[in-house]
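K.L.:
Just to be clear, the model below is a prediction. Sequence and coordinates:
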Amino acid sequence: MNDEFSNVKQVVPAVSKAEAKGFEPTIPVGVFLSIFGVVVIGAAFLEMSASDKWINAVSGLALVTVGVFCYAIGWFRKRRRTK
């Protein structure tokens, strides 16, 4: 059985440098989450109870952290792909 596939060459598609750059979706997701997190943190300064302020502050910080992490992952992936 191996003999029948021994002459088959592996086909590797040619990828141009522009195609290799591509679109990394985690970068805009990271930007969106970071901006939304800043808006949620800003809502913590509105007039509300202390527990609501803490919830907004912690939620906003979590969104900003995840957003920055997504952006960094996307940036590293794109950088590694274009080298």
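P.N.:
Looks like it came in fine.
K.L.:
pLDDT wise, what is F23 at?
P.N.:
According to the prediction, F23 has pLDDT 86.
K.L.:
Please apply the same query to I73.
P.N.:
Looking at I73, its pLDDT is 96.
K.L.:
Can you give me the buried ones in the strand or helix carrying it?
P.N.:
Using DSSP states H and E, I73 maps to helix 50-82. Going by neighbour count (16 or more other CB atoms under 10 Å), the buried part of helix 50-82 is N56, S59, G60, L63, V64, G67, C70, Y71, G74, K78. Every C-beta, even on glycine, is put in place using the N, C-alpha and C of the backbone.
K.L.:
Of those residues, which is the nearest to F36?
P.N.:
Minimum separation from F36 among those (CB to CB) is found for L63, which lies at 5.7 Å.
K.L.:
Skipping adjacent residues, who's closest to the closest one in space?
P.N.:
Nearest residue to L63, sequence neighbours excluded (CB to CB, 6 or more residues apart in numbering): G37, at 3.1 Å.
K.L.:
That neighbour against V58, yeah?
P.N.:
No: at 10.7 Å, G37 does not count as touching V58 under the criterion of CB atoms under 8 Å.
K.L.:
where does this protein have low pLDDT?
P.N.:
Across the chain, the ranges flagged by pLDDT under 70 are 1-21.
K.L.:
Now do the spatially most central residue of the chain against M48, distance only.
P.N.:
In the chain, the residue lying closest to the centroid (CA atoms, centre = their mean) is T26, at 2.3 Å. Using CB to CB, to the nearest Å, we find T26 at a distance of 33 Å from M48.
K.L.:
Repeat that for F69.
P.N.:
From F69 to M48 the distance is 28 Å (CB to CB).
K.L.:
Many thanks, have a good one.
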